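Novice: quick one, fold the following:
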Amino acid sequence: MIVNDAELKTTLDRIDTFRRQVTELRQKETNPENYRLAVSGYLAEIDRMNLEVREYLSLLPGELKTTSSR
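Specialist: Okay, here's the model as predicted:
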């Protein structure tokens, strides 16, 4: 779970890096099956990180301390 703005920035940077990687593979890979196999891990990780970002942004800073200490 993301607990501060520095971790949020790092996660957003990773999402962008993975997104760029998928975009590059989309342009280079011509075989649909190979493409899907190559990007499935990136897409799963992007989804997971987006959920973490959403959870972090849905809480106010004061709520984060309360939630993370449970």
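
Novice: buried ones in the helix or strand hosting residue 20?
Specialist: Element membership of residue 20, judged by DSSP states H and E, is helix 5-28. Applying a neighbour-count criterion of 16 or more other C-beta atoms under 10 Å, one finds 11, 15, 18, 22 buried in helix 5-28. All C-beta spots, glycine's among them, are computed from the backbone N, C-alpha and C.

Novice: got it, and stretch 36-54?
Specialist: Per 16+ other C-beta under 10 Å, stretch 36-54 contains these buried residues: 38-39, 42, 46, 49.

Novice: tell me which of those residues fall in helices.
Specialist: Among the buried residues of stretch 36-54, the ones falling in helices (DSSP state H) are 38-39, 42, 46, 49.

Novice: coming back round to it: which among the buried residues of stretch 36-54 gets closest to residue 6?
Specialist: Of all those, residue 6 sits closest to residue 49, with 15.0 Å by C-beta to C-beta.

Novice: surely the closest one touches residue 11?
Specialist: Yes - judged on C-beta atoms under 8 Å, residue 49 makes contact with residue 11 at a distance of 5.2 Å.

Novice: for this structure, give me the ranges with low pLDDT.
Specialist: Low-confidence segments of the chain, defined by pLDDT under 70, are located at 65-70.

Novice: residue contacts, the residue nearest the centre of it?
Specialist: The C-alpha lying nearest the average C-alpha coordinate of the chain belongs to residue 49 (C-alpha atoms, centre = their mean; 2.9 Å). Neighbouring residues of residue 49 by C-beta atoms under 8 Å, 6 or more residues apart in numbering: 11, 14-15, 18.

Novice: apply 6 Å and report the result again.
Specialist: Contacts for residue 49 (C-beta atoms under 6 Å, 6 or more residues apart in numbering) come out as 11, 15.
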